[in-house]
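Participant: Here is my input; please provide its structure:
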Amino acid sequence: MAEKQVIVRVKRQVSPQGAPYWEEFALRWRPSMNVIICLRDIAENPVTRQGKKSTPVTYDSNCLEEVCGSCAMLINGKARMACSALVDQLEQPIRLEPFSKFPVVRDLAVDRQFMFESLKRVKAWIPIDGTYDLGEGPRMAPEVQEKSYKLSTCISCGSCLEVCPQGNEHSHFMGAAIFSQVRLFNMHPTGKMHAAERLRAAMGDGGIEDCANSQNCVKACPKEIPLTESLAEVNREAWKQALLGWLIG
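Facilitator: Take a look at the predicted model:
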């Protein structure tokens, strides 16, 4: 009886300026295989299905538990985490491609620097002076804690921006994950002190007003974060701040 195989097609690119090309690999099937295992098998024996000697596929991964967000890629055309994409649940040949909204570094590895720069723009942190004991932090109501926790599970994978029609070469749209972090830190009792500054950043170039409400982001989010709620909330608060500034000014 012939050994069961897994057929994987990988879109490859040797450098940021290189031309993309496809390679196909035939791998030995085992129970509970995920896409990361397929990529590791290719690395152990980088020979294409046609018998041509190749090289290991470059990709990012770390936690293998859908927590770090680094192994996000297009799997059969959908933005997914490679670590949680099980081979037995995928149509073959399994097509692996890098995200299209970020610059390719090599093969399936992309540069997500745009997302991290956007997080810096909106000050997605709570500035405190850690040089001395500040005592107990402010209390949060349980219902606020519950909402905040779900927002805090964002792994900055970039899936929301990948599926967003507003994220393209003609736009600087920061993406749903960034605005959800604005909502998260503006909900915090200490973070509220810088809420106006975050909202001003959210109203700038590539800001909340560029959202076309396609709602693709909430469907693609691997952590099921209520991104559309965050977009609506930040948009509402941004309008309130803009109106207040107009009335005062």
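
Participant: so where do the strands sit in this protein?
Facilitator: 5-12, 21-28, 72-75, 78-81, 94-97, 104-106, 109-110 (DSSP state E).

Participant: Check which helices and strands the third one is in contact with.
Facilitator: Spelled out, that is strand 72-75. The contact analysis (3 or more CB pairs under 8 Å, 6 or more residues apart in numbering; DSSP states H and E) places strand 72-75 against strand 78-81, strand 94-97, helix 159-162. The C-beta positions use only the backbone N, C-alpha and C, and glycine is treated the same way.

Participant: For residue 65, which of the strands of the chain is the nearest?
Facilitator: strand 78-81 (9.5 Å; CB to CB).

Participant: Please spell out which residues along the closest one are buried.
Facilitator: Within strand 78-81, the residues scored as buried using 16 or more other CB atoms under 10 Å are 79, 80, 81.

Participant: Likewise for stretch 239-249?
Facilitator: Buried, per 16+ other CB under 10 Å, within stretch 239-249: residue 241.

Participant: Show me how far that stretch is from its chain's centre.
Facilitator: Between the centre of stretch 239-249 and the centre of its chain there are 33 Å (CA atoms, centre = their mean, to the nearest Å).

Participant: Check stretch 30-38 too.
Facilitator: 22 Å.

Participant: tell me the mean pLDDT for it?
Facilitator: The average pLDDT within stretch 30-38 is 96.

Participant: How about stretch 173-191?
Facilitator: So the average pLDDT for stretch 173-191 ends up being 96.

Participant: And that stretch, what's buried?
Facilitator: Buried residues in stretch 173-191, counted by 16+ other CB under 10 Å: 173-188, 191.

Participant: What would it look like as CSV? C-alpha coordinates only.
Facilitator: Extracted as CSV, the C-alpha positions of stretch 173-191 are listed here (Å, rounded to 0.1, in the frame of the first residue of the first chain):
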residue,chain,number,x,y,z
PHE,A,173,-4.5,52.7,7.4
MET,A,174,-3.2,51.4,10.7
GLY,A,175,-5.7,48.5,11.0
ALA,A,176,-8.2,47.2,13.5
ALA,A,177,-5.6,45.8,15.9
ILE,A,178,-4.1,49.2,16.5
PHE,A,179,-7.4,50.9,17.3
SER,A,180,-8.4,48.0,19.5
GLN,A,181,-5.3,48.7,21.5
VAL,A,182,-6.3,52.4,21.7
ARG,A,183,-9.5,51.3,23.2
LEU,A,184,-7.8,48.9,25.6
PHE,A,185,-5.4,51.5,27.1
ASN,A,186,-8.0,54.2,27.2
MET,A,187,-10.2,51.9,29.3
HIS,A,188,-7.5,51.6,31.9
PRO,A,189,-7.8,54.0,34.9
THR,A,190,-4.2,55.1,34.5
GLY,A,191,-4.2,54.9,30.7
